[in-house]
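Give me a model of this one.
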Amino acid sequence: MVAFWGFLKDPENRAVLAMLGSAALSLWTIGWGVWVYLYPPGSRPTRSGKSKASYSLKNLGGPISIWVIGIVVGLGAWFIWEHYIADPTVPAQYRVCTGEYERHCNFAHDVYVYCYTDLGNWAKGQGCIKTSISKVDEHDGNKCGYGLFSISCLKRLPR
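Below is the predicted model:
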């Protein structure tokens, strides 16, 4: 169950599930239309074996209510997922300089962290999930040198 929940927390997996859910609702609507066309409500067989359709609003009440219930259940499931289960996220971008002294960074940066800081853990502490870290530039100096890193991530929104 924990692995399945982890699967559902991934934004890319949720996008695929949303696409599949939309396809299912579309197929439900198309299927209802085909069903009503092939088996019209209130149709009566005649002597020739063909059915004579009677399309009155009274006769369509049952199939329309089934169709509406399917659409409402699908939309309700989507609403509950988006507003109560899924974690809303926004993209975040950081330019991080690492080194012994911030004044020697010589890079335009948003954030400074000391030597040997684990940038993945730092990003996690900022509320990031799905983090991508790439080295942009570096130069020698002092205890550990200086590096400029670009960190891209999805950040959880507070609820």
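
what secondary structure does residue 106 sit in?
Three-state assignment for residue 106 (DSSP: H, G, I helix; E, B strand; the rest coil): coil.

any idea which helix or strand comes after the helix or strand of the chain with the lowest mean pLDDT?
Every helix and strand in the chain was compared by mean pLDDT, DSSP states H and E; the lowest is strand 51-52, with a mean of 56. Counting by DSSP states H and E, the element after strand 51-52 in chain order, helix or strand, is helix 57-80.

After that next one, which helix or strand is next? Please name it.
Next helix or strand after helix 57-80 toward the C-terminus (DSSP H and E): strand 89-99.

buried ones in that following strand?
Going by neighbour count (16 or more other C-beta atoms under 10 Å), the buried part of strand 89-99 is 89, 92, 94, 96, 97, 98, 99. C-beta: built from backbone N, CA, C; applies to glycine.

now do stretch 121-141
Those buried within stretch 121-141 under the rule 16+ other C-beta under 10 Å are 122, 123, 128, 131.

Touching it from outside, list them.
By C-beta atoms under 8 Å, 6 or more residues apart in numbering, the residues outside stretch 121-141 that reach it are 10-11, 87, 89, 92, 94-96, 99-100, 104, 106-107, 113, 119-120, 145-156.

hmm, which of these are the buried ones?
Applying 16+ other C-beta under 10 Å to these, the neighbour count classes 89, 92, 94, 96, 99, 107, 113, 119, 146-149, 151, 153-155 as buried.

low-scoring stretches of the protein, by residue?
Along the chain, the parts satisfying pLDDT under 70 run over 1-2, 41-63, 86-87, 158-159.

how is it carved up into domains?
Using automatic domain parsing, the domain ranges for the chain come out as 2-85, 89-156.

Residue 143 - that's part of a helix, no?
No - Residue 143 is assigned coil when assessed by three-state DSSP, not a helix.
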